[in-house]
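Colleague: Everything below, folded, please.
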Amino acid sequence: MEKEEFLGILKTKKSAPFLFLGSGFTKHYLNTPKWDELLQHFSSKPLGQYSSTLGTEDLYVIASALAKDVNEEFWRKIQNEPECDEHRFVSSIRSQDDYLKLIISKYLLDYTIDGIPEKSISELNFLSSINIDGIITTNWDDLAELVFPKFKTFVGQEDLLFSDVQNVGEIYKIHGSILDSRSLVLTKEDYDDYNSKNAYLAAKLITIFVEHPVVFIGYSLNDPNVQNLLETMMRSVGKNNKGLERLRNNLIFVEWVKNPMQEIKIDYMDKHMNDNKILPCIVIKTHDFMPIYELLSHYERTIPTHLLRLYKKNFYNIVRSERPERKIYALSDAELDKCDDIQFVCGFGAIEKYKAVGYKSIDRSLLFKDIVEENDFNSDLILKQTIPSLFNGKNNYLPCFKYLNNMGISSKEECAESYPQILHELKDGNSLQAYPHFADCDIELSLEGVLEKYENVCLWKVFALIPYITITDCEVGKIEDLIKKYIEQSLQFGNNTLTYFRKLVCYYDWRKYGKWFHK
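Modeller: Numbering: from 1, shown residues only. Presented below is the predicted three-dimensional model:
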């Protein structure tokens with residue numbers, strides 16, 4: 001197949017492609033270890049010894065046995081070495097596989113913390129610039145989030161199955177994420193649980209496979225994870241080949257070849273599956289991924305993908321709600337005539353200009369609560385109306401970065417251009433350190449150490465101390481859990497405790513959504 005024929009196929013599609021990323025994608029750019037190499041890194045004995053003892057080469061089974069050994073070694077060290085560094089993890093270890101998942105997550109996180117190699121930066125920047133509707137991946141690492149930072153991420157099957165996904169501007173990490181170590185599908189027990197829900201996952205993803213080209217990058221054609229998902233999906237499409245034909249030009253497998261001189265080669269292939277089924281697909285053989293991205297770049301759209309997701313979600317909420325008090329901002333015809341830079345207008349239903357709840361009437365408590373919840377507020381109006389109305393001379397600590405992030409703002413220059421009234425009020429982590437009297441021994445505590453020492457005896461110190469201590473990216477979710485735990489009762493806190501709590505929310509907001517900002 002010539003490139004022009006392939007481009008012709010892409011141009012017939014109404015929706016932009018999805019990428020289905022496997023471990024080969026991350027290995028290509030960051031040289032991360034293969035799964036067996038990763039397990040071997042944390043094992044004190046050869047994996048072959050596990051295989052021989054267990055009578056299987058199944059890496060999920062081996063991972064279960066390794067998790068047991070690593071867990072036992074962890075507790076031996078805790079018992080025999082009272083001053084060892086591992087003590088800070090004790091309260092995080094609730095099951096046999098928790099410690100192995102935790103150290104794997106920290107190990108893989110270092111690959112992206114160390115940075116993308118210079119030779120790959122321009123290629124990944126190009127990938128991030130093309131129109132991709134979303135990412136599906138079994139990878140645990142956070143490279144996809146770095147390449148597409150404005151996409152919303154869903155971690156694990158539970159998150160995907162029970163969330164209001166839009167199938168645009170989203171990343172589905174179906175095997176978990178290193179930013180939530182317990183979510184990793186690592187052991188035999190994890191994989192059995194994952195497989196038990198595979199039919200539900202396939203049903204959730206079937207719309208994507210029917211409506212979008214899906215490009216598999218970083219997988220072997222015979223990868224069991226992909227094979228199982230596709231077979232489940234084939235059963236959903238139908239028993240006859242007619243349903244499968246609908247997928248013919250939508251399934252695109254990128255097969256990496258070792259020879260650097262190999263030119264890109266595109267062809268149709270009938271992939272043989274179980275039950276004598278044949279899955280029609282397109283295979284692209286290449287040593288270099290850049291030609292793939294160049295082919296995909298021919299899909300054009302006016303609206304950035306992350307904004308399209310926002311519009312789609314908000315429009316859907318308006319349509320399905322009988323009382324969309326906080327969902328609509330209405331412009332009259334006269335106001336529309338004053339706007340010269342509008343590229344499209346979407347309107348439906350009866351419009352009431354003034355709703356029961358206006359954005360200037362959203363109070364401080366509701367705004368802080370929204371940082372860890374999804375109230376579907378219009379971020380632009382929050383930044384232009386709500387936050388300026390809440391700023392006053394005495395208390396200018398308000399969470400802003402979530403809303404700036406939703407509007408695609410990721411630099412001081414962009415903020416100054418779009419929301420200049422917000423920029424001078426932004427606070428970074430150091431600005432939120434509000435109690436300068438902590439002892440060095442407290443500041444050197446881990447997050448778990450802070451919770452163990454103070455949560456049940458002096459809660460305000462927990463809130464005040466966290467902005468001072470070292471917080472890893474893996475622990476940001478734990479701060480979110482802490483905020484959710486106390487958000488409802490925070491209105492009963494005394495003034496000082498409430499102040500420290502709200503500054504903690506601001507710290508979490510900055511750490512999760514605004515690390516680009518520093519005073």
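Colleague: ok, now which ones touch Asp380?
Modeller: Asp380 sits next to Tyr403, Met407 when contact means C-beta atoms under 8 Å, 6 or more residues apart in numbering. Any C-beta I mention is one placed from the backbone N, CA and C, and that applies to glycine too.
Colleague: Please give the element, helix or strand, for it.
Modeller: Assigned by DSSP states H and E, Asp380 belongs to helix 379-381.
Colleague: could you say what helices and strands the helix or strand following that helix packs with?
Modeller: With elements assigned by DSSP H and E, the helix or strand that comes after helix 379-381 is helix 387-390. Secondary-structure packing of helix 387-390 (3 or more C-beta pairs under 8 Å, 6 or more residues apart in numbering; DSSP states H and E): helix 364-370, helix 420-423.
Colleague: Just the residues contacting the shortest one, thanks.
Modeller: Looking back up the chat, that one is helix 420-423. Counting by C-beta under 8 Å, 6+ apart, Leu383, Lys384, Ile387, Pro388, Cys400, Leu404, Lys412, Cys415, Ala416 sit against helix 420-423.
Colleague: Could you rerun that using 6 Å?
Modeller: Leu383, Pro388, Cys400, Cys415, Ala416 (C-beta atoms under 6 Å, 6 or more residues apart in numbering).
Colleague: Contacts for stretch 21-36 next, please.
Modeller: For stretch 21-36, contacts defined as C-beta under 6 Å, 6+ apart pick out Leu59, Tyr111, Ser120, Thr137, Asn139, Asp141, Leu143, Ile217, Gly218, Tyr219.
Colleague: and these as TSV, adding pLDDT and secondary structure?
Modeller: Putting the contacts of stretch 21-36 into TSV (pLDDT from 0 to 100; DSSP: H, G, I helix; E, B strand; the rest coil) gives the following:
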residue	pLDDT	secondary structure
Leu59	95	helix
Tyr111	87	helix
Ser120	90	helix
Thr137	96	strand
Asn139	96	coil
Asp141	94	coil
Leu143	93	helix
Ile217	96	strand
Gly218	94	coil
Tyr219	92	coil
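Colleague: Out of those residues, which is nearest to Asp159?
Modeller: When the contacts of stretch 21-36 are ranked by distance to Asp159 (C-beta to C-beta), Thr137 comes first, at 13.4 Å.
Colleague: any idea of the pLDDT on the nearest residue to the closest one once chain neighbours are set aside?
Modeller: Nearest-residue entry for Thr137: Leu21, 4.1 Å, with adjacent residues in sequence omitted and distances by C-beta to C-beta, 6 or more residues apart in numbering. What the model reports for Leu21 is a pLDDT of 96.
Colleague: Can you give me the neighbour number for Leu21?
Modeller: Per other C-beta atoms under 10 Å, the neighbour tally for Leu21 reads 24.
Colleague: Next, the residue nearest the centre of the chain: secondary structure please.
Modeller: Geometric centre of the chain, nearest residue: Thr153, 2.7 Å, by C-alpha atoms, centre = their mean. Secondary structure state of Thr153, per DSSP: H, G, I helix; E, B strand; the rest coil, is strand.
Colleague: Would you check that it makes contact with Gly169?
Modeller: No. Checked against C-beta atoms under 6 Å, the pair Thr153 and Gly169 is beyond contact range at 10.5 Å.
Colleague: Tell me where the stretch 51-200 of the chain has strands.
Modeller: With strands called from DSSP state E, counting those that start in this stretch, the stretch 51-200 of the chain shows them at 134-137, 152-155, 170-173.
Colleague: Quick check: which of those strands is buried the most?
Modeller: With neighbours taken as mean count of other C-beta atoms under 10 Å, those reach their highest mean count in strand 170-173, at a mean of 26.
Colleague: Parallel or antiparallel, list what pairs with that one.
Modeller: Neighbouring strands of strand 170-173 in its sheet, by DSSP bridges, are strand 134-137 (parallel), strand 152-155 (parallel).
Colleague: picking up where we left off before, nearest to Phe289, out of the helices and strands packed on helix 387-390?
Modeller: helix 420-423 (37.9 Å).
Colleague: For whatever helix or strand comes next after the closest one, give me every contacting residue.
Modeller: Proceeding N to C from helix 420-423, the next assigned helix or strand is helix 440-443, under DSSP H and E. By C-beta under 6 Å, 6+ apart, the surrounding residues in contact with helix 440-443 are Leu465, Tyr468.
Colleague: One more pass at 10 Å, please.
Modeller: Contacts of helix 440-443 with the rest of the structure, by C-beta atoms under 10 Å, 6 or more residues apart in numbering, involve Gln433, Gly449, Val450, Lys453, Tyr454, Lys461, Ala464, Leu465, Tyr468, Ile469, Thr470.
Colleague: ditto for stretch 480-497
Modeller: Contacts to stretch 480-497, defined as C-beta under 10 Å, 6+ apart, come from residues 365, 368-369, 371-373, 434-435, 447, 450-451, 455, 458-464, 466, 498-502, 504-505, 507-509, 511-512.
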